[in-house]
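A.B. asks: curious how this folds, go ahead:
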Amino acid sequence: MTCPESGEGTLKEGILNIQAQVRGEQVPIQFPGAECPMCGFQEIDSAQMAAYGLATADAYRAKHGLLTSDELRSRRRRLGMSQVEFANHTKASLPSIKRWELGAIQDEAMDELIRLKTDAETARKNLEKVARLLEQPSPVEV
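C.D. replies: Here you go, the predicted model:
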């Protein structure tokens with residue numbers, strides 16, 4: 001296929017190095033597509049756009065230390081829960097659980113809550129931290 005940008009080069013199929021834009025940030029991902037060797041024009045098959053959105057969201061999550069969609073799904077399944085049961089367990093809405101597993105990015109507070117509700121070691125460390133804080137004397141209010 002001739003490059004629609006340069007009109008001269010032939011698009012070559014392969015794995016593209018893309019700087020995706022997520023929440024105002026550049027996030028590097030690799031994704032299948034075609035590229036013009038002459039001008040660098042890149043094209044992704046429109047049928048792959050949902051997968052591209054998920055890949056960019058998960059790259060952003062990884063960059064910011066958030067659970068990826070696969071990690072969220074894995075934690076839910078490890079507990080043997082359906083999405084409905086997981087929503088009840090985390091007190092998140094069912095639509096939120098579905099969106100996060102499909103690529104919507106959860107906020108940091110919800111990510112931390114999910115970790116606390118799905119990982120015994122994280123919950124134990126949090127419990128120890130809270131216990132230490134409660135042992136400290138409170139500052140006197142003036």
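A.B. asks: from here on, contacts and neighbour counts on C-alpha atoms
C.D. replies: Will do.
A.B. asks: which element is residue 121 on?
C.D. replies: Here residue 121 sits within helix 120-135, counting by DSSP states H and E.
A.B. asks: for residue 85, same thing?
C.D. replies: Per DSSP H and E: helix 83-90 holds residue 85.
A.B. asks: ok, and what's touching the helix or strand that that helix is followed by?
C.D. replies: Heading C-terminal from helix 83-90, the first helix or strand you meet, by DSSP H and E, is helix 94-102. Residues outside helix 94-102 that contact it (Cα atoms under 8 Å, 6 or more residues apart in numbering) are 54, 69, 70, 72, 73, 83, 84, 86, 87, 106.
A.B. asks: just say helix, strand or coil for the last one.
C.D. replies: When classified by DSSP: H, G, I helix; E, B strand; the rest coil, residue 106 comes out as coil.
A.B. asks: need the contact list for it.
C.D. replies: So residue 106 contacts 66, 100 (Cα under 8 Å, 6+ apart).
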